[in-house]
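1. just coords:
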């Protein structure tokens, strides 16, 4: 996955609490085979962005061209609650967001996003409201997320620190998911399997060197 270090990008507000994974990726889109050129970008928050007649909802900032092409989504509380569908993280990524900033996120959704290189930053609710107000006042204004120093720098230059698990942080900076971490130990795994076969030749072979 793509490493995450420092991101400076436009942000867009989404002040709706308890958006669940069924809203992030509506179930009817989960039957779609995700592949290059045919991803979940259309599905992302589709029913929040469009009405029952497939018309853009004017009150939804995601439909406002003044915000440009944002890569940071400013969420409300409990974003990503509900089911554990990993496709919700894919939809966030396919729409173009590299980071989400909000007061709280569902635990499974949080993990799924980090596994796909999407940084989720938790800040106090009062700070989130300030960020909403700042980007609404100047649509298209940029926010910087400095992961190595664990800082969010708002459009006015104010700095807000955030916490993140050190292991999660390291993997994001290096661009590693669980699979790539395992692959990085390939030589040790091969050596272990070779030693095991010599010591216990009657046991079945579990991997190929």
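-> Great, that's in hand. If you're wondering where the values come from, they're calculated on a predicted model, not measured in any experiment. Numbering: from 1, shown residues only.

2. in the longest strand anywhere in the chain, what counts as buried?
-> Secondary structure of the chain read by DSSP state E shows that its longest strand is strand 6-13. Neighbour counts over strand 6-13 (16 or more other CB atoms under 10 Å) mark 7, 9, 10, 11, 12, 13 as buried. C-beta: built from backbone N, CA, C; applies to glycine.

3. any chance of those in a markdown table, with pLDDT too?
-> Shown next, in a markdown table, are the buried residues of strand 6-13 (pLDDT from 0 to 100):
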| residue | pLDDT |
| --- | --- |
| 7 | 98 |
| 9 | 98 |
| 10 | 98 |
| 11 | 98 |
| 12 | 98 |
| 13 | 98 |
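
4. Looking at those residues, which is nearest residue 114?
-> Distance ranking of these against residue 114, using CB to CB, places residue 7 first at 14.5 Å.

5. what bridges to the closest one?
-> residue 145 (DSSP bridges).

6. Help me confirm that it comes into contact with residue 101.
-> No - if you go by CB atoms under 8 Å, residue 7 and residue 101 don't touch, sitting 10.8 Å apart.

7. Give me the common contacts of those two.
-> 72, 145 (CB atoms under 8 Å, 6 or more residues apart in numbering).

8. What lies in contact with stretch 137-153?
-> So stretch 137-153 is contacted by 4-11, 61, 64, 66-68, 72, 99, 101, 119, 121, 123, 131, 134-135, 154-155, 159-164, 169, 172-173 (CB under 8 Å, 6+ apart).

9. Using ChimeraX, define a selection of the buried residues within those residues.
-> Burial among the contacts of stretch 137-153 is assessed by 16+ other CB under 10 Å; the matching ChimeraX selection reads:
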select :4,7,9,10,11,61,67,72,99,101,119,121,123,131,134,135,154,155,160,162,164,169,172
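
10. Return the subset of the contacts of stretch 137-153 lying in strands.
-> Short answer: the contacts of stretch 137-153 in strands (DSSP E) are 6-11, 72, 99, 101, 119, 121, 159-161.

11. Taking these together, which two end up most distant?
-> 10 and 161 (22.1 Å).

12. Would you check how far apart residue 155 and residue 6 are?
-> According to CB to CB, to the nearest Å, residue 155 and residue 6 sit 16 Å apart.

13. Beyond the lowest-mean-pLDDT helix or strand in the chain, next helix or strand please.
-> In the chain, no helix or strand scores lower on mean pLDDT, DSSP states H and E than helix 178-183, which sits at a mean of 70. Counting by DSSP states H and E, the next helix or strand C-terminal to helix 178-183 is helix 186-199.
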